[in-house]
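Visitor: Predicted model and sequence follow; I will ask about them next.
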Amino acid sequence: TFIATQAGNYYVTLTDSVGCKVSDTVEVTVAIPPTLNLGADTSICTGNAVVLDGGPGPVGTVYNWSTGATSQIIVVSTGGTYIASVTTPGGCAAIDTVEVTNLPSPGVGLGPDRVECGTFVLDAGAGGTQYQWSTNQSTQTITQTQAGTYSVTVTNQFGCIGSDTVVITTGTNPTVALGPDQVLCNGQSASLDAGNPGASYLWSTGATSQTISVAAPGVYVVSVTNTSGCSGVDSVRIIESLLNV
């Protein structure tokens, strides 16, 4: 026997006890084993991805991943155990495994674009360790009065980042004035006018008109919503005169 450690042509001649000889030749090629190192186990934030590389190899190298992929590189965004098997054209093989863990990203929801009436509060949600608003504020909630585009970036304890943006249009609450309380004499009625022509109206009587006529004592309330979606409310007390019979 002979241990070959280098590439080349090797031949051997055998001679038996009576002087007979026989020879044979073999060519030894040294194949380079694949370079396969998927690295240390890693963590990714939900919504992100990590690149796994089976390493370069000569033309004809075969890659087989536990995902079913056969490319040198795969991109994964789901936690789990990933296994790569690499075989070179010379028949040399290697295998490696890496564990990918998903970390939760902060859920950030500023809501849909909308109209706000007067002062409004934007809430980036609990669970963050750092908040950065486009207004340069760094609290979970901010109080604003101006129209505009507001965005926030939130970082949680895992270092994962979430962000959201909302467009705020501001409107003006309608001024509703039903006037002072009124006293009705016997047989009289009162006309109540919520003003703000073109708005939507809802009275405590169920009426939806701008004006109503009332004859019974009581408290009458109206809610007025203008075309911007902003609302105003007022009430008036109608009192029956003590002289009424």
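Guide: Cool, got the structure. Residues are numbered from 1 along each chain as shown.
Visitor: Tell me the predicted confidence for Asn244.
Guide: Predicted confidence (pLDDT) at Asn244: the value is 55.
Visitor: from now on call the first residue 13
Guide: Will do, 13 is the new start, and the previous item becomes Asn256.
Visitor: List the contacts of Thr161.
Guide: 146, 177-180 (Cβ atoms under 8 Å, 6 or more residues apart in numbering). Heads up, the C-betas are built off the backbone N, CA and C, glycines and all.
Visitor: partners of it in the sheet?
Guide: Val179 (DSSP bridges).
Visitor: of the contacts of Thr161, buried ones?
Guide: 178, 180 (16 or more other Cβ atoms under 10 Å).
Visitor: Now the nearest residue to Thr187 once chain neighbours are set aside. Its backbone dihedrals?
Guide: Leaving aside its sequence neighbours, Thr187 sits nearest to Gly244 (Cβ to Cβ, 6 or more residues apart in numbering; 6.1 Å). Backbone torsions for Gly244, taken as degrees, to the nearest 10, come to phi -140, psi 150.
Visitor: From Ser240, how far off is Thr181?
Guide: Going from Thr181 to Ser240 by Cβ to Cβ, to the nearest Å gives 8 Å.
Visitor: out of these two, which sits in the more crowded spot?
Guide: Ranked by neighbour count (other Cβ atoms under 10 Å), Thr181 and Ser240 place Ser240 first, with 16 against 12.
Visitor: so what's that one up against?
Guide: Counted by Cβ under 8 Å, 6+ apart, Ser240 has contacts 127, 129, 181, 183-184.
Visitor: mind running it again at 10 Å?
Guide: 127-129, 181-186, 211 (Cβ atoms under 10 Å, 6 or more residues apart in numbering).
Visitor: Quick one, which of these are buried?
Guide: 128-129, 182-183, 186, 211.
Visitor: Strands - which of these land there?
Guide: Taking DSSP state E as the definition of strands, the buried ones among the contacts of Ser240 contribute 128-129, 182-183.
Visitor: TSV for those residues, including distance to Val166 and pLDDT?
Guide: Formatted as TSV, those follow (distance: Cβ to Cβ, whole Å; pLDDT from 0 to 100):
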residue	distance to Val166	pLDDT
Glu128	21	95
Cys129	27	94
Thr182	25	94
Gly183	28	93
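Visitor: mind putting the residues you listed in CSV, distance to Thr161 included?
Guide: CSV is the format used below for these (distance: Cβ to Cβ, whole Å):
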residue, distance to Thr161
Glu128, 13
Cys129, 18
Thr182, 13
Gly183, 17
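Visitor: thinking again about what came up before, of all the buried ones among the contacts of Ser240, which comes closest to Thr47?
Guide: Glu128 (58.7 Å; Cβ to Cβ).
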